[in-house]
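# Quick one: sequence plus predicted model below, questions after.
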Amino acid sequence: MTDARPAAVVVLAAGEGTRMRSATPKVLHELAGRSMLGHVVATARALAPEHLVVVVGHAREQVAAHLAGLDAEARPVVQEPQNGTGHAVRVALDGLDHLEGTVVVLLGDAPLLTADAVRVLVAEHERAGAATTLLSSLVDDPTGYGRVLRDAEGQVLRVVEHKDATDEERAVREVATGVYAFAAGPLREALGRLSTDNAQGEEYLPDVVGLHRAAGLRLHAVTAPAAETGGVNDRVQLAAAARLLRDRLLQQHMRAGVAVVDPETTWVDADVVLAPDCTLLPGVQLHAGTTVATGAVVGPDSTLRATRVGEGARVVRSHVDGAEVGPGATVGPFTYLRPGTVLGEGAKAGAFVEVKASEVGAGSKVPHLSYVGDAVIGDRTNIGAGTIVFNYDGRQKHRTRIGSDAKVGGHNSLVAPVEVGDGAYTGAGTVVREDVPPGALAVSENTQRTIEGWVAQKRPAATPGES
């Protein structure tokens, strides 16, 4: 295999995709944490082309804006009117004068195609010295695909679209995937001679194959598995593609040393980073920007997004979004860590705890039934059950600071901005409205009042021993 650099990669992303039944342009529908276009652009960029051109049409502003976020160097080109795939490639090449070398054409709605498969296509194209090399697949049901027609010696003759094929031609199982490698000069010449004399009245890119054949130029074909080359035209196919991609990603991670207990219930986005010897239990979803370190265990039934999980940490039945879970820290069950949360080494956010934009120091614990918002907690501090850090006054958020080695009693309310010093204690049920100095004890001055015989007088039906 060669690492030859294509002169250009053209991505066709102008179609409307009416079968998606969606206001979202087809190529912007997502799987594994990226849009379909995002997957294709990542594949294209992995080839290091001199030029990367994306042809847009339907919802062009939205698609072009998305493309700019994906790859600032990719150039959107508008196809107007949308007169077929051949016309789209011609529009793409119009701004690339004096282009020489290999031109690769990819489809914006084929997110499963790997960079390795395209590298093989380019290598075989250049080895064969071909004018056109098409990527084909063998499928059980070729309905709707262009058929690859060969002569008795197996040489490629042409590609015929399904609507233009005879019954005999429709029986052919080898289909054109819409992915090609072309020699730039012969491609440009053939595009100028495409006809619209077909069932769709469009300029078909596959007709370049027949034109090159008629001109005596060399044709070549490379076959790839249908599981990599299939396109997405509706939501059923999108879900099927997502499962295939899920399986591919998990297999790669498992072969790299990650323990995935139940792949059927585990979903991992394309850019998730998993270290060897981490473990994913059933029901785990890891979304974009998440990393899990060696020895960490995530799950069961946990969803993480843009989260860093440190070595040996544990996240159980929790939702974690934009947080950092330090080495050896524990989260859950039934815990919600919101963006900006940082748990230090060995820290704990226990059952039914919500933490937002807060730092919990090394060895500190928020064990259960508490809300901590916009706070900084030092090391080795314990937050009692039922504690609430009130961070919002109706207009703006305020910070609470709790020092190291402090003990906040159960059912406390801390009204920000407030500070509890190192080693300080607060009594059960305390409402902390003022700073507590280091080493001090804060209690609320509410005296318990006991009324003897009140139940018998006021609630006789509840008197003990009576039914």
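Noted; the coordinates are in hand. Everything numeric here is computed off the predicted structure, so don't read it as measured data. Numbering: from 1, shown residues only.
# Tell me how far the top helix by length along the chain lies from the chain's centre.
Using DSSP state H, we find that the single longest helix of the chain is helix 235-255. Offset of helix 235-255 from its chain centre (CA atoms, centre = their mean, to the nearest Å): 12 Å.
# Now do it: everything it contacts.
20-22, 29, 31-32, 111-112, 227, 230-232, 260, 263, 266-270, 272, 274 (CB atoms under 8 Å, 6 or more residues apart in numbering). Backbone N, C-alpha and C define where each C-beta goes, glycine included.
# In three-state terms, label the residue lying closest to Arg317 once chain neighbours are set aside for me.
Once flanking residues are discounted, Arg317 sits nearest to Pro333: 3.8 Å by CB to CB, 6 or more residues apart in numbering. Of the three states, Pro333 takes coil under DSSP: H, G, I helix; E, B strand; the rest coil.
# For Pro333, grab the count of nearby residues.
Neighbour count for Pro333, taken as other CB atoms under 10 Å: 15.
# my read: it touches Ala351, true?
Yes - with contact defined as CB atoms under 8 Å, Pro333 reaches Ala351; the gap is 5.5 Å.
# picking that back up, from the contacts of helix 235-255, which ones fall inside helices?
Ala227.
# Of the contacts of helix 235-255, just the buried ones, PyMOL syntax please.
Buried members of these, defined by 16 or more other CB atoms under 10 Å, are picked up in PyMOL with:
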select buried, resi 20+29+31+32+111+112+230+231+232+260+263+266+267+268+269+270+272+274
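# quick one, phi psi at the residue nearest to Arg317?
The phi/psi pair for Pro333 (degrees, to the nearest 10) reads phi -80, psi 160.
# what does the model give it for pLDDT?
We have a pLDDT of 98 for Pro333.
# Please apply the same query to Glu466.
With respect to pLDDT, Glu466 scores 54.
# again with Thr114
Reported pLDDT for Thr114: 96.
# And it, how far from Ala42?
Remark: distance between Thr114 and Ala42 (CB to CB, to the nearest Å) = 10 Å.
# Sketch out the low-pLDDT regions of the stretch 351-467 of the chain for me.
Residues of the stretch 351-467 of the chain that meet the criterion pLDDT under 70 lie in 462-467.
# all strands of the stretch 151-300 of the chain, in order?
Ranges of strands within the stretch 151-300 of the chain are 156-160, 174-183, 219-223, 259-260, 267-268, 273-274, 279-280, 285-286, 291-292, 297-298, based on DSSP state E, counting those that start in this stretch.
# Name the strands paired with the helix or strand where Ser137 lies and say parallel or antiparallel.
Using DSSP states H and E, the element containing Ser137 is strand 132-138. Strand 132-138 sits in its sheet next to strand 174-183 (antiparallel), strand 219-223 (parallel), going by DSSP bridges.
# Leu149 is nearest to which of those?
Evaluated over the strands paired with strand 132-138, closeness to Leu149 peaks at strand 174-183, with 8.7 Å, by CB to CB.
# Contacts only, for Cys134.
In this structure residue 134 is Leu, not Cys. 148, 156, 159, 176-177, 179-180, 206, 209, 219-222.
# and what of Gly332?
Ser302, Arg314, Val315, Val316, Arg317, Ser318, Ala349, Gly350, Ala351.
# And the fifth one, how far from Ile383?
Here Arg317 is placed at a distance of 20 Å from Ile383 (CB to CB).
# swap in the fourth one?
Taking CB to CB as the measure, Val316 falls 19 Å from Ile383.
# Who has more neighbours out of the two?
Remark: of Val316 and Ile383, Ile383 carries more neighbours, 30 against 19, as counted by other CB under 10 Å.
# bridging residues for that one?
Val408.
# From the recorded domain assignment, give the ranges for this structure.
Following automatic domain parsing, the chain resolves into domains at 8-229, 256-346, 357-447.
# Tabulate those domains in TSV, adding columns for distance to Leu238.
Shown next, in TSV, are those (distance: least, CB to CB, whole Å):
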stretch	distance to Leu238
domain 8-229	6
domain 256-346	14
domain 357-447	35
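# quick one: which of those domains is nearest Gly453?
By CB to CB (comparing all of the domains of the chain), the closest turns out to be domain 357-447, at 20.0 Å.
# what about that closest one, how long is it end to end?
35 Å (CA to CA, to the nearest Å).
# can you check stretch 69-77 too?
16 Å.
# can you list contacts of it?
Contacts of stretch 69-77 (CB under 8 Å, 6+ apart): 35, 37-38, 41-42, 44-45, 51-56, 60, 63-64, 67, 91-92, 94-95.
# just the buried members of the residues you listed?
Applying 16+ other CB under 10 Å to those flags 35, 37-38, 41-42, 44-45, 51-56, 60, 63-64, 67, 91-92 as buried.
# Please flag which of these sit within strands.
Using DSSP state E, the members of the buried ones among the contacts of stretch 69-77 that fall within strands are Ser35, His51, Leu52, Val53, Val54, Val55, Val56.
# which residues touch the fifth one?
Which is Val54. Val10, Val11, Ala13, Leu37, Val41, Val63, Leu67, Ala74, Arg75, Pro76, Val77, Gly108.
# Now pLDDT and distance to Gly326 too, for those, in JSON lines please.
Shown next, in JSON lines, are those (pLDDT from 0 to 100; distance: CB to CB, whole Å):
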{"residue": "Val10", "pLDDT": "98", "distance to Gly326": "46"}
{"residue": "Val11", "pLDDT": "98", "distance to Gly326": "41"}
{"residue": "Ala13", "pLDDT": "97", "distance to Gly326": "42"}
{"residue": "Leu37", "pLDDT": "98", "distance to Gly326": "36"}
{"residue": "Val41", "pLDDT": "98", "distance to Gly326": "35"}
{"residue": "Val63", "pLDDT": "97", "distance to Gly326": "40"}
{"residue": "Leu67", "pLDDT": "97", "distance to Gly326": "37"}
{"residue": "Ala74", "pLDDT": "97", "distance to Gly326": "38"}
{"residue": "Arg75", "pLDDT": "97", "distance to Gly326": "43"}
{"residue": "Pro76", "pLDDT": "97", "distance to Gly326": "42"}
{"residue": "Val77", "pLDDT": "97", "distance to Gly326": "47"}
{"residue": "Gly108", "pLDDT": "97", "distance to Gly326": "41"}
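# buried ones in stretch 215-226?
Leu217, Arg218, Leu219, His220, Ala221, Val222, Ala224, Ala226.
# contacting residues around the first one?
Okay, so that is Leu217. Here Leu217 is in contact with Ala130, Ala131, Thr132, Pro186 (CB under 8 Å, 6+ apart).
# For it, give me phi and psi.
Dihedral pair for Leu217: phi -80, psi 160, per degrees, to the nearest 10.
# Tell me, what's the model's pLDDT at it?
Value for Leu217, per-residue pLDDT: 96.
# Relative to Phe182, how far out is it?
10 Å.
# Quick check: neighbours shared by those two?
Joint contacts of Leu217 and Phe182 (CB under 8 Å, 6+ apart) are Ala131, Thr132.
# one step back: convert the C-alpha atoms of the longest helix of the chain to CSV, please.
This file holds the C-alpha atoms of helix 235-255, laid out as CSV (Å, rounded to 0.1, in the frame of the first residue of the first chain):
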residue,chain,number,x,y,z
ARG,A,235,-33.6,6.6,9.7
VAL,A,236,-33.7,2.8,9.6
GLN,A,237,-30.4,2.7,7.7
LEU,A,238,-29.0,5.4,10.1
ALA,A,239,-29.7,3.1,13.1
ALA,A,240,-28.2,0.1,11.3
ALA,A,241,-25.1,2.1,10.4
ALA,A,242,-24.8,3.3,14.1
ARG,A,243,-24.9,-0.3,15.3
LEU,A,244,-22.2,-1.4,12.8
LEU,A,245,-20.0,1.6,13.8
ARG,A,246,-20.6,0.8,17.5
ASP,A,247,-19.5,-2.8,17.0
ARG,A,248,-16.4,-1.7,15.0
LEU,A,249,-15.4,0.8,17.7
LEU,A,250,-15.9,-1.6,20.6
GLN,A,251,-13.9,-4.3,18.8
GLN,A,252,-11.0,-1.9,18.3
HIS,A,253,-11.1,-1.0,22.0
MET,A,254,-11.4,-4.6,23.2
ARG,A,255,-8.5,-5.7,21.0
